[in-house]
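Engineer: Predicted model follows, preceded by the sequence.
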Amino acid sequence: MERILNYVGGELVEASAGGWLDNVEPATGRVYSRLPDSDESDVDCAVAAAGSAFAGWSGLPAVERARFMFDVAQRIEDGLEDFARAESIDTGKPIQLARTVEIPRAVANLRFFAGAIQHTASETHVTDNQALNYTLRRPRGVAGLISPWNLPLYLLTWKVAPAIATGNTAVAKPSELTPMTAYLLSQACRDAGLPAGVLNIVHGSGVRAGAPLTTHPDVPTLSFTGGTATGGLIAEATAKQFKKTALEMGGKNPTIVFADADMDTAVPTAVRASFSNQGQICLCGSRVFVERPAYDAFVERFVELTSELVQGDPLDDATQQGAVVSKAHYDKVMGYIDLAREEGGTILTGGAAAENLPQRCRDGYFIQPTVVTGLPADCRVNQEEIFGPVVTVMPFDDEDEVVGWANGTDYGLSSSVWTENVSRAHRVADRIASGTVWVNCWLLRDLRVPFGGMKHSGVGREGGDEALRFYTEPKNVCLRMEAK
Ligand code: NDP
């Protein structure tokens, strides 16, 4: 059985204590590889390796750092099919999604920040005729990067790329549920000759391998993407040492459809927003609000398109809905479907384990895409993040009402608004409390824009210049100008 290894100081190594964790294929429910059960001592070694590499790496010209990153990106692109297959097996997601969206996006992350670092400028401020201020932005040292299981390589490279482009070195801790593409990334880094210690990857559980990274005194920068409860623990742990911390956390994102929307685009996009990656994207729209005059027709078409989604073996090219990531997550999502019934909801389609799966997938964690109506905006199903293929649809009567409901959760990550009325589009976009508002689209991502959440969805922003700023320390240098 394949053994995934840590990547420390340029070497692929086992955990120092020698323990292993099982890695399960969600589509089959079977253990198919093992990963190191790393602990604090492995994190210490990785941080030491990153610390030793820092002076050399940060001292390289930006163009040299970029050259290594372009090389790694090219190797991932050349291995697209292997990476996509590995991601699909590890997560249960359709291979088509991994092949067309996620792995290309990992390549794009590396190329984008390798390019960005060669084009970035920093500010100057002239103080009348008294002084010239300029801002020096220097890398901060070793960055700790903790990423989740839903988009494993995509979100890992979203952090690694800006961290190392700006001259930091890094220690990453991917989710124990989905370590495989991080392992393939470490092999690509070795093959590209990335200097030892620039990127280190420590596999293992959140508590044994993640937590020591958050409290390590030699890791001044910490970027985390994951659940809000874990984010709270990390905020607490990092605050004590005044680490610079970015937290990208959960969401309960609204899709708001006004009656004047272009329904030919709105309905299929709302279906995609609800069920892409089995609803396991932090940006998925899990609450759909439809203006009452359009509600019945919308629901009919929405349910029709949802029931047409092809569920099956994630490795089959035709599959649109794969498995959810683990048995524990399967149980959690099914628990919310039960809760939806208890809270008085009506299940219009789905609501059960998937049927008619190929033999290979009979023990996998497949849930039918599920549409629920008849629930109030303040019930638990509409307040708590389910992070699975479950969406609620509700009618609304006016703009104030729907803005109130859209903003009426602890979360504020993203939203999607559908209307042909441009004034209303701007007004509603301004009123919604979320880090991203899409108008007449969903998941249209430009790597230059600020990305992050409001309220319990996040602290800080990543993406484009925001990421370059996050991973650097600004220092103002003030030069007095001689008066004539
Ligand atoms: P978790 O919070 O469970 O885990 C995220 C990462 O943190 C994993 O690597 C995990 O390791 C690690 N971790 C767990 N406990 C600790 C700890 N005490 N200290 C340090 N690290 C720890 O999230 P999930 O992996 O379940 O991901 C799903 C969540 O991520 C959802 O809530 C989703 O909304 C959110 N998300 C947010 C995004 C955003 O951009 N805002 C994007 C994508 C997802 P391990 O898995 O090994 O336990």
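Structural biologist: Nice, I can see it. Numbering: from 1, shown residues only.
Engineer: Spatially, what comes nearest to Thr436 if we skip its sequence neighbours?
Structural biologist: The spatially closest residue to Thr436, leaving aside those adjacent along the chain, is Ser414, at 4.2 Å (C-beta to C-beta, 6 or more residues apart in numbering). Any C-beta I mention is one placed from the backbone N, CA and C, and that applies to glycine too.
Engineer: So what's the residue count around the closest residue to the ligand within the stretch 251-400 of the chain?
Structural biologist: Residue nearest to the ligand within the stretch 251-400 of the chain: Cys282 (3.1 Å; C-beta to the nearest ligand atom). Cys282: 24 surrounding residues under other C-beta atoms under 10 Å.
Engineer: and the residue nearest to Gly312 when sequence neighbours are not counted, how many neighbours?
Structural biologist: Closest residue in space to Gly312, ignoring its immediate chain neighbours: Thr319 at 4.4 Å, by C-beta to C-beta, 6+ apart. For Thr319, the neighbour count with other C-beta under 10 Å is 23.
Engineer: for the ligand, what are the nearby residues on the stretch 51-200 of the chain?
Structural biologist: Contact residues, the stretch 51-200 of the chain versus the ligand (C-beta under 6 Å from any ligand atom): Ile146, Ser147, Pro148, Trp149, Asn150, Leu155, Lys173, Pro174, Ser175, Glu176, Leu177.
Engineer: mind running it again at 8 Å?
Structural biologist: Contact residues (C-beta under 8 Å from any ligand atom) of the stretch 51-200 of the chain with the ligand: Ile146, Ser147, Pro148, Trp149, Asn150, Leu151, Leu155, Lys173, Pro174, Ser175, Glu176, Leu177.
Engineer: residue nearest the centroid of the chain?
Structural biologist: For the chain, the residue nearest the mean C-alpha position is Leu155 (4.7 Å; C-alpha atoms, centre = their mean).
Engineer: and that residue, that's in a strand?
Structural biologist: No - residue state for Leu155 (DSSP: H, G, I helix; E, B strand; the rest coil) corresponds to helix; a strand is not indicated.
Engineer: before we move on, back to that, just the residues of the stretch 51-200 of the chain next to the ligand: which are in strands?
Structural biologist: Here DSSP state E is the test, and these give Ile146, Lys173 as lying in strands.
Engineer: Pipe the residues of the stretch 51-200 of the chain next to the ligand into CSV and attach pLDDT per row.
Structural biologist: Output for these, formatted as CSV (pLDDT from 0 to 100):
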residue, pLDDT
Ile146, 98
Ser147, 98
Pro148, 98
Trp149, 98
Asn150, 98
Leu151, 98
Leu155, 98
Lys173, 98
Pro174, 98
Ser175, 98
Glu176, 98
Leu177, 98
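Engineer: Among the residues of the stretch 51-200 of the chain next to the ligand, which one sits closest to Pro389?
Structural biologist: Proximity of these to Pro389 (C-beta to C-beta) peaks at Asn150, which lies at 12.7 Å.
Engineer: give me the number of residues near the residue nearest to Thr436?
Structural biologist: Other residues within reach of Ser414, judged by other C-beta under 10 Å, total 28.
Engineer: next one: Asp78
Structural biologist: Number of residues near Asp78 (other C-beta under 10 Å) recorded here: 12.
Engineer: before we move on, the earlier item: hang on, the residue of the stretch 251-400 of the chain closest to the ligand in a helix?
Structural biologist: No - counting by three-state DSSP, Cys282 is not found in a helix; it is coil.
Engineer: What distance do you get for His456 to Cys282?
Structural biologist: For His456, the distance to Cys282 (C-beta to C-beta, to the nearest Å) stands at 12 Å.
Engineer: actually Ser276, not the one I wrote
Structural biologist: Taken as C-beta to C-beta, the span from Ser276 to Cys282 is 11 Å.
Engineer: swap in Ser33?
Structural biologist: 26 Å.
Engineer: Quick check: phi and psi on Ala131?
Structural biologist: The phi/psi pair for Ala131 (degrees, to the nearest 10) reads phi -160, psi 160.
Engineer: Counting neighbours, what do you get for it?
Structural biologist: Ala131: 13 neighbours (other C-beta under 10 Å).
Engineer: ok, and what's touching stretch 414-425?
Structural biologist: 251, 253-258, 260-262, 266, 269-270, 273, 282-283, 285, 399, 406, 428-429, 432, 434-442, 453 (C-beta atoms under 8 Å, 6 or more residues apart in numbering).
Engineer: For it, buried residues please.
Structural biologist: Residues of stretch 414-425 classed as buried: Ser414, Ser415, Ser416, Val417, Trp418, Thr419, Ala425 (neighbour count, 16 or more other C-beta atoms under 10 Å).
Engineer: Can you lay out these as CSV showing pLDDT?
Structural biologist: Formatted as CSV, the buried residues of stretch 414-425 follow (pLDDT from 0 to 100):
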residue, pLDDT
Ser414, 98
Ser415, 98
Ser416, 98
Val417, 98
Trp418, 99
Thr419, 98
Ala425, 98
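Engineer: If we check the ligand, which of the residues you listed are in contact?
Structural biologist: Okay, of the buried residues of stretch 414-425, nothing touches the ligand (C-beta under 8 Å from any ligand atom).
Engineer: Farthest pair within these?
Structural biologist: Across the buried residues of stretch 414-425 (C-beta to C-beta), the longest gap, 16.9 Å, separates Ser414 and Thr419.
Engineer: Quick check: mean pLDDT of stretch 463-472?
Structural biologist: Mean pLDDT, computed over stretch 463-472, is 97.
Engineer: And the ligand, is it touching that?
Structural biologist: No - using C-beta under 8 Å from any ligand atom, we find that stretch 463-472 stays clear of the ligand, coming within 10.0 Å at best.
Engineer: What residues sit buried inside that stretch?
Structural biologist: Using 16+ other C-beta under 10 Å as the test for burial, stretch 463-472 gives Gly463, Gly464, Glu466, Ala467, Leu468, Arg469, Phe470, Tyr471, Thr472.
Engineer: near the ligand, which residues of the stretch 301-450 of the chain?
Structural biologist: Residues of the stretch 301-450 of the chain lying near the ligand by C-beta under 8 Å from any ligand atom: Val325, His329, Glu385, Phe387, Leu413.
Engineer: can you give me the helices in the stretch 251-400 of the chain?
Structural biologist: With DSSP state H, counting those that start in this stretch as the criterion, the stretch 251-400 of the chain has helices at 263-275, 292-307, 327-342, 399-406.
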